[in-house]
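# following is a predicted model, sequence given first.
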Amino acid sequence: MFFLWYFYAKAVKTSPGNLDESSPDLGKWRKLYDETLDAYADENFKKDEQPFVSIFLSLSWHDVIVLTCRKIFILQIHLYKRRLIILIFLLLFFFSQQLCHTCHIARPHRSKHCRVSRKCVLLFDHFCPFIDNTVGLHNYRYFYMFLLTLVLADISFAVTLVTYTSRYKSAHGSIPWLVLCLGIEMCIIGLAVAGLLLYHTQLSCINLSTNEHMNIRRYKYLYPMINNKRQYRNPWDKGYFNNFIDRMNPSSACYEIREDHEGLIASNPSYNPDSSCCKNGQCENV
């Protein structure tokens, strides 16, 4: 019981990996956010020779709206009427998960904006009402261990219930029906928790989050183009055992694919997240 309550407390109190003021990498992701919007506007809107459709293939409808609002007054509207009509059409079809216009950051892979906590969370899994906290990169292991200890406690309870019922019947010649019914109800709840534990064990072994598993085809990094066809490929898959170890030992390697951002960071040599201008994740040059 001690371990049960210990892991419960850790799951509740541990930050899941919020990309807020406490995040050391906040400055980097905000810098990428601003540079991404500026790059789309400066490089794509101002080049008449570049096909307009290709500009927005990687943008979400949120990205396009923000980008348009930022640049609309410096454009010659009469030259872009046709293109804006195409833009409205594309809003219905193209979605991306790269930018969060609520937190004003470029979201790293596997992160998502939690609608309950209203923060972007690294390696977002789900929001759990039982612990009243988002389950993410840093508290997933505590959530998993809480489920494991809860199942073990329920097994212990079931054994105790059977032993008590047997001894009570031997001593009194009857069955304690109230205790037995309440005990069976607890065991049924325990079966549901055991199913949840099994589900998360499977997810850990294949290195996927609940969010990714439920929306797997929405994420292009899990379904890249291979031989002109989208095929499933998990860039973080290291085998069942190593996948499980990764989920229980969180680090930036669990969500980063560095080559995706190196080009954008390299385009601004003055930017260094470890420099003196970027303290506590706050870049003074942003």
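Nice, I can see it.
# quick check: residue 143 touching residue 134?
No - Residue 143 sits out of contact with residue 134 when judged by CB atoms under 8 Å, with a separation of 10.0 Å. From N, CA and C alone the C-beta is placed, and that goes for glycine too.
# shared neighbours of the two, which are they?
Common neighbours of residue 143 and residue 134 are listed as 125, 128 (criterion: CB atoms under 8 Å, 6 or more residues apart in numbering).
# more crowded one of the two?
When neighbours are counted by other CB atoms under 10 Å, residue 143 comes out ahead of the other of residue 143 and residue 134, with 25 against 22.
# tell me where this structure has helices.
2-13, 26-39, 52-55, 61-71, 77-91, 140-172, 177-206, 210-214, 240-248, 259-266 (DSSP state H).
# can you put these in CSV and add mean pLDDT?
Rendered in CSV, the data for these read as follows (pLDDT from 0 to 100):
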stretch, mean pLDDT
helix 2-13, 94
helix 26-39, 82
helix 52-55, 45
helix 61-71, 57
helix 77-91, 46
helix 140-172, 94
helix 177-206, 94
helix 210-214, 95
helix 240-248, 95
helix 259-266, 49
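# tell me the most buried of the ones you listed?
For those, ranked by mean neighbour count under the definition mean count of other CB atoms under 10 Å, the leader is helix 26-39 at a mean of 20.
# tabulate the CA atom coordinates of stretch 99-112 in CSV.
What follows is stretch 99-112, C-alpha atoms only, in CSV (Å, rounded to 0.1, in the frame of the first residue of the first chain):
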residue,chain,number,x,y,z
LEU,A,99,2.9,25.1,-34.5
CYS,A,100,0.8,25.9,-31.4
HIS,A,101,-0.6,29.4,-31.7
THR,A,102,-1.9,29.3,-28.1
CYS,A,103,1.5,28.8,-26.5
HIS,A,104,3.3,30.5,-29.4
ILE,A,105,5.9,27.7,-29.8
ALA,A,106,6.9,25.2,-32.5
ARG,A,107,5.9,21.9,-30.9
PRO,A,108,8.4,19.1,-30.9
HIS,A,109,7.4,15.7,-32.2
ARG,A,110,5.0,13.7,-30.0
SER,A,111,3.8,16.8,-28.1
LYS,A,112,0.3,18.1,-28.0
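# and it, which residues are buried?
By neighbour count, with 16 or more other CB atoms under 10 Å as the criterion, the buried positions of stretch 99-112 are 99-100, 103-112.
# which two of those residues have the greatest separation?
Greatest spatial distance in those: 104 and 110, 19.3 Å, computed using CB to CB.
# which residue packs closest to residue 232, ignoring adjacent ones?
The spatial neighbour of residue 232 that comes closest, neighbours along the chain excluded (CB to CB, 6 or more residues apart in numbering), is residue 223 at 5.9 Å.
# what sits against the residue nearest to residue 180 when sequence neighbours are not counted?
Spatially, and ignoring its direct neighbours in sequence, residue 180 is nearest to residue 165 (5.8 Å; CB to CB, 6+ apart). Taking CB under 8 Å, 6+ apart, we find residue 165 in contact with 175-176, 179-180, 183.
# residue 215: which of these is nearest?
For the contacts of residue 165, the residue nearest residue 215 by CB to CB is residue 183; the value is 38.5 Å.
# residue 161 is in contact with the closest one, correct?
Yes - contact status for residue 183 versus residue 161: in contact at 4.0 Å, counting by CB under 8 Å.
# include distance to residue 129 when you put the helices of the chain into JSON lines, please.
Below are the helices of the chain laid out as JSON lines (distance: least, CB to CB, whole Å):
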{"stretch": "helix 2-13", "distance to residue 129": "12"}
{"stretch": "helix 26-39", "distance to residue 129": "27"}
{"stretch": "helix 52-55", "distance to residue 129": "41"}
{"stretch": "helix 61-71", "distance to residue 129": "27"}
{"stretch": "helix 77-91", "distance to residue 129": "33"}
{"stretch": "helix 140-172", "distance to residue 129": "13"}
{"stretch": "helix 177-206", "distance to residue 129": "13"}
{"stretch": "helix 210-214", "distance to residue 129": "14"}
{"stretch": "helix 240-248", "distance to residue 129": "22"}
{"stretch": "helix 259-266", "distance to residue 129": "34"}
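# alright, calling it a day.
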